[in-house]
Structures are given as structure tokens and as C-alpha cells.
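Visitor: give me a 3D structure for the following:
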Amino acid sequence: MNEKLLASRKGQTSVEYLLLIFVSASLGMLLFKKLNDYFLNNPNSFVNQQLSSLKGFSDPNGNRYKKFPLRLPK
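Guide: Got it, this is the predicted structure:
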């Protein structure tokens, strides 16, 4: 009788650990998706705001960088 009870408790512990892993993985994926949407995919996201602020440094003619003339003192 005790052996069957011990075996069922071991089985219950295994099931509990599997459920714990499943719930942890699900919460991790959900958190990653929410953070990904917040930081990357949103048009007003942090990364897109930083990239849009850097667009002012590029030339509207298609050149990669603005060119500033160097004025030397006479």
C-alpha cells in the first residue's frame, strides 16, 4: 500500500513540475511578445523614436550623411 502511495506522489510531483515549466514558458513568451510590440513594432516605440530622430542627419537627396563645409579662419 505504501509503495503505491509513494509512486502516486512521485507522479503527482512530476505533473506539478511539468505544469510549472509550461506556465513559466507561456508567461515568458507572452512577456516577450508584449515587450517586442512595445519596443519594436509600435510606430511610437522607443526604437522607432530614436531612429526617426536620426533621420535628420541624412541628406534628403539620398546621400548617406549631410556634408558640412569646413570654414577655416583667415
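
Visitor: and the average pLDDT for the longest helix along the chain is what?
Guide: Among all segments of the chain classified by DSSP state H, the helix with the greatest residue count is helix 2-36. For helix 2-36, the per-residue pLDDT values average out at 85.

Visitor: give the next helix or strand downstream of that helix.
Guide: Helices and strands here follow DSSP states H and E; after helix 2-36, the next one along the chain is helix 46-54.

Visitor: tell me how far that next one lies from the chain's centre.
Guide: Computed by Cα atoms, centre = their mean, to the nearest Å, the separation of helix 46-54 from the middle of its chain amounts to 16 Å.

Visitor: give me the neighbour count for residue 12.
Guide: 10 (other Cβ atoms under 10 Å). For the C-beta atoms, the positions are set from N, CA and C on the backbone; glycine is no exception.

Visitor: and it, what does it touch?
Guide: Under the criterion of Cβ atoms under 8 Å, 6 or more residues apart in numbering, the contact list for residue 12 is empty.

Visitor: residue 44 versus that one, what's the distance?
Guide: Plainly put, residue 12 is 48 Å away from residue 44 if you go by Cβ to Cβ, to the nearest Å.

Visitor: same deal with residue 31?
Guide: Relative to residue 44, residue 31 is positioned 20 Å away (Cβ to Cβ).

Visitor: next one: residue 25
Guide: Noted for residue 25: a distance of 30 Å to residue 44, by Cβ to Cβ.

Visitor: now do residue 23
Guide: Using Cβ to Cβ, one gets 32 Å for the distance from residue 23 to residue 44.

Visitor: ok, now residue 68?
Guide: For residue 68, the distance to residue 44 (Cβ to Cβ) stands at 31 Å.

Visitor: same question for residue 17.
Guide: Taking Cβ to Cβ as the measure, residue 17 falls 41 Å from residue 44.
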